[in-house]
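[1] Below: sequence and its predicted model.
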Amino acid sequence: MVRERITNRIFNDAFLIPKPEPEAQLPLQSFYGSLQPVEVDIGCGRGRFLLARANSCPHLNFLGIDLSLLRLRKIDRKAVANGLTNIRLVNGDALRILTALPPESISICYVYFPDPWPKRRHHVRRLVAPPLVDVISKTLVPNGIIHLCTDHHDYFSAMQQVWRRDQRYTEIAPYIPPPEEETDFCLIFKDQGLAAHRCSFQKRIPSIIDAKAHLD
């Protein structure tokens, strides 16, 4: 039981798992009650998408990653209230957490509305960049999928380019979530008349990568 100083509220942390030590691997499957495919929501925010997805897919396990411990604890409470046992949450930097996951342990990754860092001098802070591609490539199972979404047109173009240039992936039709899985950001932008740009990529199996490289 932990008390958050900024709110003076007590949290039980039912589904929060400890962040990995430096250079240590996170024994992901050991935190779940059943061995099921795992999907990861990177930057899960308030958790609207994560909670809805976990509720509609009890045959899957879910991991939510976010920098805000307070937001994760609110998601934790909602998961408990809704009887969801297939969610685990971890607080920390996405790249560090993903690097600690076992190789080929994730079936799908979601990156929805990451900070666009619109100023050019801040572009180096963007999450969707070659380092993320590399770490997700190691974490995804063969034929695993990454779904991306943003309201920022320039960032969307950059997202597409960084994944299209990598021969380990092939572009597929974007995942269009049902209304109950739309994130809080998506609902805000829809109310403002702004579009959500989506793209998805699938990790190729090694034989296909080798064949394409040979042809090139």
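    Alright, I've got the coordinates.
[2] Quick one: neighbours of Arg88, just the number.
    Arg88 is surrounded by 20 other residues when neighbours are defined as other CB atoms under 10 Å. C-betas here are computed from N, CA, C, even on glycine.
[3] So which bits of stretch 143-157 are buried?
    Of the residues in stretch 143-157, those with enough neighbours to count as buried (16 or more other CB atoms under 10 Å) are Gly144, Ile145, Ile146, His147, Leu148, Cys149, Thr150, Asp151, His152, Tyr155, Phe156.
[4] Leu187: which of those is nearest?
    Distance from Leu187 was checked for each of the buried residues of stretch 143-157 by CB to CB. The minimum falls on Asp151, at 11.4 Å.
[5] Show the contacting residues for that closest one.
    Taking CB atoms under 8 Å, 6 or more residues apart in numbering, we find Asp151 in contact with Phe113, Phe185, Phe189, Leu194, Ala195, Ala196, His197.
[6] So what touches the longest strand seen in the chain?
    With DSSP state E setting the assignment, residue counts place strand 140-150 as the longest strand in the chain. By CB under 8 Å, 6+ apart, the list of residues contacting strand 140-150 from outside reads 104-114, 116, 128, 136, 156, 159, 163, 169, 172, 174-175, 183, 186, 196-206.
[7] What remains of the residues you listed if I keep only buried residues?
    Buried residues within the contacts of strand 140-150, defined by neighbour count using 16+ other CB under 10 Å: 105-114, 116, 128, 136, 156, 159, 163, 169, 175, 183, 186, 196-204.
[8] Restricted to strands, list the residues you listed.
    Taking DSSP E as the definition of strands, the buried ones among the contacts of strand 140-150 contribute 106-112, 169, 197-203.
[9] one step back: mind listing what the longest strand of the chain pairs with, with the direction of each?
    Each strand that pairs with strand 140-150, with its direction, by DSSP bridges: strand 106-112 (parallel), strand 197-203 (antiparallel).
[10] Can I get that strand in CSV, CA atoms only?
    What follows is strand 140-150 as a C-alpha-only set of coordinates in CSV (Å, rounded to 0.1, in the frame of the first residue of the first chain):
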residue,chain,number,x,y,z
LEU,A,140,7.7,-8.7,-31.6
VAL,A,141,7.0,-12.3,-32.5
PRO,A,142,7.4,-13.1,-36.3
ASN,A,143,4.4,-11.6,-38.0
GLY,A,144,3.8,-9.3,-35.0
ILE,A,145,2.2,-6.0,-35.7
ILE,A,146,2.8,-2.3,-34.7
HIS,A,147,-0.2,0.1,-34.9
LEU,A,148,0.5,3.8,-34.9
CYS,A,149,-1.8,6.8,-34.7
THR,A,150,-1.3,10.6,-34.4
